[in-house]
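>>> For reference, the sequence and a predicted model appear below.
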Amino acid sequence: MAAPPNAFSSELQKWIYNRSVDSIFFITIGPKASAINALRALMNKVETIPAEKRAAELDLRGQNCTGVVVEEADDHLKILTCAHLMQHVFKSSEPLSLQDACSLFSVRVLCDHYEQSFRGQSRVRARVYAPASMIGIDCEKDLLLLHVYRADIKNLGRRCTNSHQGLILSPTPPEAFDKCAMISWPPGLPRTAVEGSISHPSRTVRDLELVNTVGYTMNLTQVVIASEKGSSGAPLLDGNGRIIGLLHGGFGGQFTYFISHADIGRFLRRHHVVHGI
């Protein structure tokens, strides 16, 4: 017989985790080999990162972030994540168009079911990622929408037939002192689950006095919660398991910052996501 729940068993947090973990994806965004010269020219033009760091951005292995499914259909998924893995080639006054983003970068994704199967065997040595297409980008708000065909999502040697339900944006924004949770996928650390509380629901970038070479204009939800490099794009969830923010980043202090509920809602509506409000 299972032990009864107690004050330390975190039943609500576990419920949120269990209903959400299938919707979390690991995402790699990297430069296309054919676009190296164009990327180098763009980096030198926008100057959003120091010159000595630009060569590293041309590594074909790319960089990683977390994504969350916001729409599940019979033949495809739509995944929401952050755009700042490409911020070395854009700023608010010179945004990256969707067409240019697709011509310069490739995107690959991995689902949680594949990762769990991969870790449970030793025969297959290398992970097989699914190709994804970028279908929406807002450079100023740090938001990126991906499209993945379900037929391309594998679970080792076969198609993944498990559900990847689209998480829904909460109908209401968070308030100070609300409890919240985040599930992210930093490199090598799938199913990273943390909980926290809302410190302030909507700061401006100017409020935070951040170095803002890109010119971001989104509002940021300030949260007392831990995060790791590679967690960017992870959803912040309320007690109903609904999205109330998307991880933008932490800046070395006690707070972590999330793209606001309002900015996410406008972006999803603009791109006709079924579950966006």
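It's in. Quick caveat: nothing in here was measured; it's all calculated off a predicted structure.
>>> which one is the residue nearest to the spatial centre of the chain nearest to, not counting chain neighbours?
Central residue of the chain (C-alpha atoms, centre = their mean): Gly233, 2.0 Å from the mean position. Excluding the flanking residues, the one nearest Gly233 by C-beta to C-beta, 6 or more residues apart in numbering is Thr81, at 3.5 Å. Using the backbone N, CA and C atoms, a C-beta is placed for each residue, glycine as well.
>>> doesn't Val148 make contact with the one you found?
No - using C-beta atoms under 8 Å as the test, Thr81 is too far from Val148 to be in contact (11.6 Å).
>>> Looking at these two, which is more packed in?
Neighbour tally, Thr81 and Val148, criterion other C-beta atoms under 10 Å: the higher count belongs to Thr81, 29 against 23.
>>> and that one, how far is that from Met134?
Using C-beta to C-beta, to the nearest Å, we find Thr81 at a distance of 10 Å from Met134.
>>> Need the three-state assignment for the residue nearest to the centre of the chain.
Under DSSP: H, G, I helix; E, B strand; the rest coil, Gly233 falls in the coil class.
>>> Might one say that it is in contact with Val69?
No - using C-beta under 8 Å, Gly233 is not in contact with Val69; the gap is 11.8 Å.
>>> Show me the common contact partners of those two, please.
Shared contacts of Gly233 and Val69 (C-beta atoms under 8 Å, 6 or more residues apart in numbering): Leu80.
>>> now the strands for the stretch 1-150 of the chain?
If DSSP state E, counting those that start in this stretch is used as the criterion, the strands of the stretch 1-150 of the chain fall at 24-31, 63-72, 76-81, 105-111, 130-138, 143-149.
>>> The residue nearest to the centre of the chain and Val70, how far apart?
12 Å.
>>> joint contacts of the two?
Common neighbours of Gly233 and Val70, counting by C-beta under 8 Å, 6+ apart, are Leu80.
>>> Low-confidence ranges, the protein, go.
1-7, 275-277 (pLDDT under 70).
>>> Show me how it divides into domains.
24-159, 179-270 (automatic domain parsing).
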